[in-house]
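model the structure of this input:
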Amino acid sequence: MDKIELQKRTKRFAVDVIKFVGELPSNRAINVLVNQVLRSSTSIGANYRAACKGKSTADFINKIVIVEEEADECIYWLEIMDESGLVQSSKTLVLRDEAKELTAIFTAIGKTAKENQRN
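Numbering: from 1, shown residues only. Below is the predicted model:
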């Protein structure tokens with residue numbers, strides 16, 4: 001997967017989360033969780049774009065680590081939605097799977113970049 005495809009994929013994930021939360025009922029707990037998952041999901045693509053424009057390898061690595069953390073945070077908030085019973089697990093399953101894949105992708109990118117920087 002090249003840089004452009006990954007940028008599109010992270011944007012698609014953010015849009016999918018936006019559509020998902022738009023269908024949820026509103027109450028205090030859900031609103032807090034929605035805000036958190038919206039912030040982390042939209043941050044993935046934004047920070048990946050920033051990483052692609054990094055001024056140095058160190059800058060790229062720093063931003064990729066942030067992307068990895070945000071993707072992992074999405075998993076957390078979606079799990080909280082499930083485990084609290086506020087949202088049916090079946091509704092978050094696809095999003096959780098994509099967040100896990102994105103986390104794995106960005107973990108691998110970060111690891112490779114760090115190894116390349118050492119060499």
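
who are the contact partners of the residue nearest the centre of the chain?
Note on the chain: the residue nearest the mean C-alpha position is Ala71, at 2.9 Å, using Cα atoms, centre = their mean. Ala71 makes contact with Ser40, Ile44, Ala99, Leu102, Thr103, Phe106 under the criterion Cβ atoms under 8 Å, 6 or more residues apart in numbering. For glycine as for every other residue, the C-beta is placed from the backbone atoms N, C-alpha and C.

ok, and the closest non-adjacent residue to the fifth one?
Read it as Thr103. Distance criterion Cβ to Cβ, 6 or more residues apart in numbering; nearest residue to Thr103, sequence neighbours excluded, is Ala71 at 4.1 Å.

now do the helix or strand containing Glu5: which elements does it pack against?
Element membership for Glu5, per DSSP states H and E: helix 3-22. Applying 3 or more Cβ pairs under 8 Å, 6 or more residues apart in numbering; DSSP states H and E, we find helix 3-22 packed against helix 28-52, helix 89-118.

helix 89-118 and that helix, what's the angle between them?
Orientation check (axes from the mean of the first three to the mean of the last three Cα atoms, to 10 degrees): helix 3-22 against helix 89-118 gives 150 degrees.

can you name the residues in contact with helix 3-22?
1, 34, 37-38, 41-42, 44-45, 48-49, 52, 74, 91-92, 94-95, 98-99, 102, 105.

again, 10 Å this time
Outside helix 3-22, the residues that touch it by Cβ atoms under 10 Å, 6 or more residues apart in numbering are 1-2, 30-31, 33-35, 37-38, 40-49, 51-52, 67, 70-71, 74, 77-78, 81, 87, 91-92, 94-95, 98-99, 101-102, 105-106, 109.
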